[in-house]
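A.B. asks: I need the structure of the sequence given here:
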Amino acid sequence: MSHERLFSMRASAPDEPVSTSEAAALFAGLSDAPVLILAVSGGPDSTAMMWLAARWRARAAHGPTLVAVTIDHGLRAESAREALGVKRLAKTLNVEHRTLRWTGRKPKTGMQEAARNARYRLLADAARQAGASHVLTAHTLDDQAETVLFRLARGSGLSGLRGMVPRAPLPSPKRGGSIAAGDRGGVNSSQRTPTRRASLADLPLAGGGGALLLVRPLLSLPKSRLRATLRAAKIPFADDPSNRDPRFTRPRLRELMPGLAAEGLDARRLAGFARRMARADQAIEHAADAAGARLSRGAGPVVFNRQYADLPAEVALRLLGRAVAQVGNEGPVELAKLEALYDALAAAMAQKPPAARFRRTLAGALVTFAGEITVERAPARRSGVPVGIKRRKGAFTKAG
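C.D. replies: Numbering: from 1, shown residues only. Purely as a prediction, here's the structure:
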């Protein structure tokens, strides 16, 4: 079922349990998958997802095998007991269950990001071992609203403000715990659109090459309806106090939501804003595709002809970001830095006559302008002096 169609489902009372027919609609597109991995922490959202998926699968003639996976991060004394509670419930629902533990040393800073990285890595391991291509998480309408606010506060572009999508490639953290290039929402060869500090969820709409898919079947539902579903079924769930810890950004944003809702900016309206941003982002990506095919050439360095200067700024910015990501070798491109590069390039092109020579580097790419724009791999750094900088009488000055 499409993102738009999910959100167009009939409005239900905030405390109304999710019906059997609604559950069937939420999971309908997954009927042909042989195995589904359900990320179940034991909290209300993921517990409701497991309950609804089990009911849906039980009514299907040939439903997929469900495997609930609980990640024990080892950060709270209660985590082992909560994993055991998920295992017991899964057994009553005829759902396979596995507990995977995040072992090894834990970082002193950036704990939430490190835990998220470990969680995705372990879920990917579980999926591969089970022969699954889909990992389901219980992100909700409320989570979508928080994500939009989170990214807005961090200066994301349109791609970030589209929020989470119902399906995306599963983020692929490296074994060491860092995020593989592109998963932060920057620009690289697999994610063409620049954003600033988007979350792991800010990924292209579809995967390729047999990549694992992250699926969010509950993205159209508010948390209140999931809790109502569990109450009606008399299903217990765990409570993670870190969800209210003011040291973390999301709990602080969560505290703001009632006040924002009183002003009309509730979760559903923020989710609607995200859908509109997604439509605009898709349109600009299409325009950038067409402009790139018309204006660029070269199998090695990327070259844009003089008509690049006539493009709308957002389209030109994206083409520049794509080129830097394609030839550079220093990871994702931060939106603010890309914007600064584009502004300098646009100023150079606008000079009368145009600047004789423009030369800048970003993320391992060298951008020059001398009648045409060329984006190529930057020369290797030497003697600790950054590319684009030259020595002059003991001082460092910008070249070009």
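A.B. asks: Can you list the buried residues in stretch 126-139?
C.D. replies: Buried positions in stretch 126-139, judged by neighbour count with 16 or more other C-beta atoms under 10 Å: Ala126, Ala127, Ala130, Ala132, Ser133, His134, Val135, Leu136, Thr137, Ala138, His139. No exception for glycine: its C-beta is placed from N, CA and C like everyone else's.
A.B. asks: What segments of the stretch 101-250 of the chain are strands?
C.D. replies: For the stretch 101-250 of the chain, the strands defined by DSSP state E, counting those that start in this stretch cover 134-136, 167-169, 213-215.
A.B. asks: Among the buried residues of stretch 126-139, which one sits closest to Leu38?
C.D. replies: Using C-beta to C-beta, Leu136 comes nearest to Leu38 of the buried residues of stretch 126-139, at 5.1 Å.
A.B. asks: what does the model give the closest one for pLDDT?
C.D. replies: The score at Leu136 is 98. That number is its pLDDT.
A.B. asks: I'd like to check which residues are in contact with it.
C.D. replies: For Leu136, the contacting residues are Leu30, Leu36, Ile37, Leu38, Ala39, Met49, Ala53, Val215, Arg216, Pro217, by C-beta atoms under 8 Å, 6 or more residues apart in numbering.
A.B. asks: Could you look up the SS state of the second one?
C.D. replies: Remark: Leu36 carries the secondary structure label strand [criterion: DSSP: H, G, I helix; E, B strand; the rest coil].
A.B. asks: Name the residues of the host helix or strand of Ala316 that are buried.
C.D. replies: Using DSSP states H and E, Ala316 sits in helix 313-327. Going by neighbour count (16+ other C-beta under 10 Å), the buried part of helix 313-327 is 314-327.
A.B. asks: Stretch 247-267 too?
C.D. replies: Arg250, Leu253, Arg254, Met257, Leu260, Leu265, Asp266, Ala267.
A.B. asks: Can you lay out those as CSV showing secondary structure, distance to Leu295 and pLDDT?
C.D. replies: Shown next, in CSV, are those (DSSP: H, G, I helix; E, B strand; the rest coil; distance: C-beta to C-beta, whole Å; pLDDT from 0 to 100):
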residue, secondary structure, distance to Leu295, pLDDT
Arg250, helix, 41, 84
Leu253, helix, 41, 90
Arg254, helix, 45, 89
Met257, helix, 44, 91
Leu260, helix, 42, 92
Leu265, coil, 40, 93
Asp266, coil, 43, 95
Ala267, helix, 41, 95
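A.B. asks: So which elements touch the helix holding Ala316?
C.D. replies: helix 267-295, strand 302-304, helix 335-350, strand 365-369, strand 373-377 (3 or more C-beta pairs under 8 Å, 6 or more residues apart in numbering; DSSP states H and E).
A.B. asks: Name the SS class of Ala261, please.
C.D. replies: Counting by three-state DSSP, the backbone at Ala261 sits in helix.
A.B. asks: And it, how far from Arg162?
C.D. replies: Note on Ala261: its distance to Arg162, by C-beta to C-beta, to the nearest Å, is 21 Å.
A.B. asks: now Ala153
C.D. replies: 16 Å.
A.B. asks: Please apply the same query to Gly272.
C.D. replies: 12 Å.
A.B. asks: So for these two, which residue has more residues nearby?
C.D. replies: Counting neighbours by other C-beta atoms under 10 Å for Gly272 and for Arg162 shows that Arg162 has the greater number, 28 against 14.
A.B. asks: what's the pLDDT at the closest residue to the more buried one other than its chain neighbours?
C.D. replies: In space, Arg162 comes closest to Ala278 once its chain neighbours are excluded; the distance is 3.7 Å by C-beta to C-beta, 6 or more residues apart in numbering. Note for Ala278: predicted pLDDT of 95.
A.B. asks: domain parsing for the protein?
C.D. replies: The chain breaks down by automatic domain parsing into domains covering 3-273, 298-398.
A.B. asks: Give me whichever of the ones you listed is most buried.
C.D. replies: Between the domains of the chain, domain 3-273 has the highest mean count of neighbours, a mean of 18, where neighbours are mean count of other C-beta atoms under 10 Å.
A.B. asks: between the buried residues of helix 313-327, which is closest to Leu341?
C.D. replies: Among the buried residues of helix 313-327, and counting by C-beta to C-beta, the member closest to Leu341 is Leu320, at 6.9 Å.
A.B. asks: what about the residue nearest to the closest one when sequence neighbours are not counted, distance to Val315?
C.D. replies: Distances taken as C-beta to C-beta, 6+ apart put Tyr342 closest to Leu320, at 5.5 Å, once the chain neighbours are dropped. Note on Tyr342: its distance to Val315, by C-beta to C-beta, is 11 Å.
A.B. asks: just Pro217 next, same as before
C.D. replies: Pro217 is 34 Å from Val315, by C-beta to C-beta.
A.B. asks: And for Leu123?
C.D. replies: 36 Å.
A.B. asks: can you check Ser79 too?
C.D. replies: Ser79 sits 48 Å away from Val315, taking C-beta to C-beta as the criterion.
A.B. asks: that older thread, quick one: contacts for the residue nearest to Leu320?
C.D. replies: Contacts of Tyr342 by C-beta under 8 Å, 6+ apart are Ala313, Ala316, Leu317, Leu320.
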